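K.L.:
Fold the following for me, if possible:
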Amino acid sequence: ISRTEAAGVAEAVFNLYKSTDHGTSWIRAGQGLPSDARINALTMAGEGVVAGTDRGIFVSHNAGEKWQPAQKGIGTESRVLCFATHGGRVFAGTQKHGVLLSDDAGVTWNAVNAGLTDLFVRSLLVVGTSLYAGTDKQGVFVSENSGFSWTNQRAGLPDLSQVFDLAA
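P.N.:
Below you'll find the model as predicted:
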């Protein structure tokens, strides 16, 4: 993040940096990413990289140098908070659209929300063949079929539980 001051108003500018030497040095990357959108999550998808931002999903096929918006299934109004991968599939957790699935390295996306009654998904986790979604107000949901149907698993959690991260 860098901040600029114009006419007395601070403006956040978000940048992406990458390292090619195990973190010893960093260079600015990210041509095509919106400078006013925070990057909330990154993941590898096949030979590409996928970025979840406050303005949708962006994909790079050249090690993060140049980025383009996902082509189908998600707009620039979608805030993407997290990713999980399983096999060749990438799952994205969003603030308003639940869980999205891509089978083509992040280029196109489809909602997989049957039974997911809280569409504000803060965290995702794959354990074996199970996909877990941590939500904003209804705890944890689990899917045993790649997100095509979900079951709430909040027994023992307080009402209105927010699940910001999951680990196994």
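K.L.:
how close does the closest residue to residue 115 other than its chain neighbours get to residue 96?
P.N.:
Nearest residue to residue 115, sequence neighbours excluded (Cβ to Cβ, 6 or more residues apart in numbering): residue 150, at 3.9 Å. Using the backbone N, CA and C atoms, a C-beta is placed for each residue, glycine as well. Using Cβ to Cβ, to the nearest Å, we find residue 150 at a distance of 16 Å from residue 96.
K.L.:
Kindly report the same for residue 77.
P.N.:
In this view, residue 77 and residue 96 are 8 Å apart by Cβ to Cβ.
K.L.:
Need the per-residue pLDDT for residue 11.
P.N.:
In this model, residue 11 is scored at 62, pLDDT.
K.L.:
next one: the one 3 residues further on
P.N.:
Among the per-residue scores, residue 14 holds a pLDDT of 83.
K.L.:
hang on, isn't it packed against residue 28?
P.N.:
No. The criterion here is Cβ atoms under 8 Å, and residue 14 misses it with residue 28 at 11.5 Å.
K.L.:
what about residue 150 and residue 96, which has more around it?
P.N.:
residue 150 (25 against 10; other Cβ atoms under 10 Å).
K.L.:
How many residues are close by residue 19?
P.N.:
The burial count for residue 19: 11, using other Cβ under 10 Å.
K.L.:
Spatially, which residue comes closest to it, not counting chain neighbours?
P.N.:
Per Cβ to Cβ, 6+ apart, closest to residue 19 is residue 26, 5.1 Å.
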